[in-house]
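Asks: when you get a sec, could you give me coordinates for this:
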Amino acid sequence: MSAVRTTRTVLAAVLVAGLTATALATPALAASAPTKADHTATRAALQAAVDAGVPGVVAQARDGRGDWTGTAGERRGNDRFRVGSITKTFVATVLLQLQAEGRLDLDDPVEKWLPGVVRGNGHDGRRITVRQLLNHTSGVYSVTSDPGFQEKIFGPGFLEHRYDRWTPRQLVDIAMTHAPDFAPGTDWNYSNTNYVLAGMVIEKVTGRPYGKAVENRIVKPLKLRATSVPGTDVRMPKPSSPAWSTLSADPDAQVHDVSRLSPTIAYAAGEMISDSNDLQTFYRALLKGRLLPKAEMREMTTTVPVSPELPGAGYGLGLMKQKLSCGKEIWGHGGGIHGSSSEAQATRDGGHSLAMNFNADWTGDSQAVLEAEFCGVTPKR
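Replies: Prediction:
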């Protein structure tokens, strides 16, 4: 769940620990003819991930020619998985809906909704807006960068603490023991604490758990039957395949089944479960304007730069854009959590989409799958 400044982690904006966010094996890429109906390039990228050590991969794409599902290794096409930071797009959508209804303003100070919560070591909720939480310009320190939290939750300590329950306030309080990354609005840095706070704001505005708002406003209307907000339930719903992690920066360390864990370690920053079909349905509906009024959609897609090294990338409100090697622009979010690395991306008009998952967190290159599907770029053998 750290914000490791590699190209892949910035583009994916993943929920991955510093102890497990190791350098991922990236196959060399070669241009090919435009993607054909058989998704040959995408199939090759999925197999390359398995060849690199990912136990199982699933991807599903939709375009003007219809639906396509591809798997490699120990994955099935309808497997459910933990989507990590893809949760953030759901959370941002709910807050934008609440603004459209006049129940809050994204330019409200966080202090208005969470008095006294964002305080300590230079943090001041009176100077931070809800909008700055959503686009990661708040400067709030990320709880998942805390060394003690990393050791307990992402290293070998996970095996002892995997079922511990955390409250959102506990996660925020850990972040408050550190200084802010920068003054609000002066820079960009990915912080999982931002979305813990965003979930808390939803609960304060609605008077109910944030997950209920996600379910009632998005999951049920779109009939996302494989999508859930697990809360404190440690189990994975079926069908699903095991999630694997080395719980170490060493890719050769022993691999552990980490499928069962307490979702409270992530809360609104990354606890949700879904599948490739539902994720595509959600992002396509969002980008086609079915979930937000035009004004709120403009706000969501107004981006800030994330890195000088990535001039084609920008972060909006829980939604990220990136420009691929062929010049095509895609919108969506990535997500990682123990034993799981996911992507859900679509063109701006929602006409071409892809959602995918690796059931491992130490190897594989999801960016290669995106390049394959949207640009027809195949990994070199």
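
Asks: for the stretch 251-381 of the chain, which segments are assigned as strands?
Replies: 256-257, 273-274, 304-305, 314-315, 320-323, 329-337, 340-347, 353-358, 377-379 (DSSP state E, counting those that start in this stretch).

Asks: any chance of those in CSV, plus mean neighbour count and distance to Asp63?
Replies: The way it works is simple: take the backbone N, C-alpha and C, and place the C-beta from them, glycine included. As requested, the strands of the stretch 251-381 of the chain are exported to CSV (neighbours: other Cβ atoms under 10 Å; distance: least, Cβ to Cβ, whole Å):
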stretch, mean neighbour count, distance to Asp63
strand 256-257, 15, 35
strand 273-274, 25, 20
strand 304-305, 14, 29
strand 314-315, 22, 24
strand 320-323, 20, 18
strand 329-337, 26, 12
strand 340-347, 27, 9
strand 353-358, 30, 8
strand 377-379, 23, 16
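
Asks: for Asn216, find the nearest of these.
Replies: Comparing the strands of the stretch 251-381 of the chain by their distance to Asn216 (Cβ to Cβ), the top pick is strand 273-274, with 16.5 Å.

Asks: follow-up on the earlier one: quick one: closest of the strands of the stretch 251-381 of the chain to Pro109.
Replies: Closest among the strands of the stretch 251-381 of the chain, once you apply Cβ to Cβ, is strand 304-305, at 18.9 Å.

Asks: shaky segments in this protein?
Replies: 1-37, 381 (pLDDT under 70).

Asks: repeat that with 80
Replies: 1-38, 380-381 (pLDDT under 80).

Asks: give me the most central residue, it.
Replies: Closest residue to the average C-alpha location of the chain: Ser85 at 2.2 Å, with Cα atoms, centre = their mean.

Asks: strands along the stretch 101-250 of the chain, start to end?
Replies: Under the criterion DSSP E, counting those that start in this stretch, the stretch 101-250 of the chain contains strands at 119-120, 123-124, 244-245.

Asks: just those strands: most buried one?
Replies: Greatest average neighbour count among those goes to strand 244-245 (a mean of 25), per mean count of other Cβ atoms under 10 Å.

Asks: what sits up against it?
Replies: Applying Cβ atoms under 8 Å, 6 or more residues apart in numbering, the contact partners of strand 244-245 are 20, 55, 158, 255-258, 338-339, 359-362.

Asks: span of stretch 45-58 from start to end?
Replies: Length of stretch 45-58, first residue to last, Cα to Cα, to the nearest Å: 11 Å.

Asks: again, but for stretch 167-187
Replies: End-to-end distance (Cα to Cα), stretch 167-187: 28 Å.

Asks: centre of the chain to it, how far?
Replies: 19 Å (Cα atoms, centre = their mean, to the nearest Å).

Asks: ok, the residue nearest to the centre of the chain touching His333?
Replies: Yes: at 6.2 Å, Ser85 counts as touching His333 under the criterion of Cβ atoms under 8 Å.

Asks: just checking, which of the contacts of strand 244-245 belong to helices?
Replies: Judged by DSSP state H, the subset of those located in helices is Phe158.
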